[in-house]
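need a 3D model of the following:
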Amino acid sequence: MRVLAAFVAGLAVAGLVLASPPGRESAIFAGGCFWCEETAFEGLPGVVSVTSGYIGGHKKNPTYDEVSAGGTGHAEAVEVIYDPKVITYGKLLDVFWRNVDPFQANGQFCDHGTQYRSAIYTYSDEQRDAALRSRDAYQKGLKKAGFGPITTEIVAAGPFYYAEDYHQQYLAKNPGGYCGLGGTGVACQLGLEVKAK
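The predicted structure follows:
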C-alpha cells in the first residue's frame, strides 16, 4: 500500500490527478492532521491505498506552507481508495466518525485553523446520502451522550491535490510523530444503533 501511495504522490508533482483503478472506489475524509487520518484507514481489509492531500480550497496545486498559512481555503484530507466488495463506504464512515471530533468547526484537538476542519467530501449522490444518514445517526447518539451539534461539513468533492512526498505515510516513517486524533468515545455504525463505547 505504501508503494502505491508513494507512486501516486510522486505523480502529484506533475499536477496529475488519477481516477480510481477499475473495481475500486475513492472516498475523501478531512479530520485534522492528515498524518493521523492516514493511520485510521491504513491496514483496513479492502483499503488499497491512503494518500494525504488538500481539498476544498480555491488555489490550484497548493503547497503545505500555503495551506498552513490559511490563505487557500483547503483542508488537510486523505483519499482512501478501496475495494467495495471487501469494505463498504459505510464502514469507512464509521472509522471516520470514531476518530474525529465533529464539534470543532475549524480545528481538531490541539490543531487550529480552517485547514484542520472536519469534512466528508463525496463523489456521488450515494456517498452523499450515506454520509448524511451516518451523520444524523451519529448525532442522535451524541445527543444522548450529552454532546452538542455536529459541525462536520458534507460537501461534493472538488479537486484533490496530493500532498508533498514527505507527508505521505509520515507516521510510519516517524513512529514517535505527533497525532492529534482522539474521537469522542461515542461509536457510530451506519444503519445500526449508535451506542456509547
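
contacts, neighbours, all on C-alpha from now
Will do.

which residues of this protein fall in strands?
Secondary structure of the chain (DSSP state E): strands at 25-31, 47-55, 75-82, 107-108, 111-112, 118-122, 153-156, 160-162, 186-187, 195-196.

out of those strands, which is closest to residue 139?
Judged by C-alpha to C-alpha, the one of those that comes nearest to residue 139 is strand 186-187, at 10.0 Å.

quick check: mean pLDDT across that closest one?
Strand 186-187 shows a mean pLDDT of 46.

which residue packs closest to residue 42, ignoring adjacent ones?
Of all residues not flanking residue 42 in the chain, residue 50 sits nearest, at 6.3 Å (C-alpha to C-alpha, 6 or more residues apart in numbering).

how about the strands of the chain in a markdown table, adding mean neighbour count and distance to residue 62?
Listed next are the strands of the chain as a markdown table, based on neighbours: other C-alpha atoms under 10 Å; distance: least, C-alpha to C-alpha, whole Å:
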| stretch | mean neighbour count | distance to residue 62 |
| --- | --- | --- |
| strand 25-31 | 24 | 16 |
| strand 47-55 | 26 | 8 |
| strand 75-82 | 27 | 11 |
| strand 107-108 | 22 | 19 |
| strand 111-112 | 16 | 19 |
| strand 118-122 | 25 | 18 |
| strand 153-156 | 16 | 19 |
| strand 160-162 | 27 | 7 |
| strand 186-187 | 18 | 34 |
| strand 195-196 | 14 | 39 |
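
worst mean pLDDT among the ones you listed?
Comparing mean pLDDT over these, the weakest stretch is strand 195-196, at a mean of 37.

okay, the nearest residue to residue 68 once chain neighbours are set aside: pLDDT?
Of all residues not flanking residue 68 in the chain, residue 115 sits nearest, at 6.7 Å (C-alpha to C-alpha, 6+ apart). Reported pLDDT at residue 115 in the predicted model: 73.

what of residue 68?
On the pLDDT scale, residue 68 is placed at 83.

include distance to residue 67 when you put the strands of the chain into a markdown table, please.
As requested, the strands of the chain are arranged in a markdown table below (distance: least, C-alpha to C-alpha, whole Å):
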| stretch | distance to residue 67 |
| --- | --- |
| strand 25-31 | 14 |
| strand 47-55 | 8 |
| strand 75-82 | 8 |
| strand 107-108 | 14 |
| strand 111-112 | 13 |
| strand 118-122 | 15 |
| strand 153-156 | 18 |
| strand 160-162 | 11 |
| strand 186-187 | 31 |
| strand 195-196 | 35 |
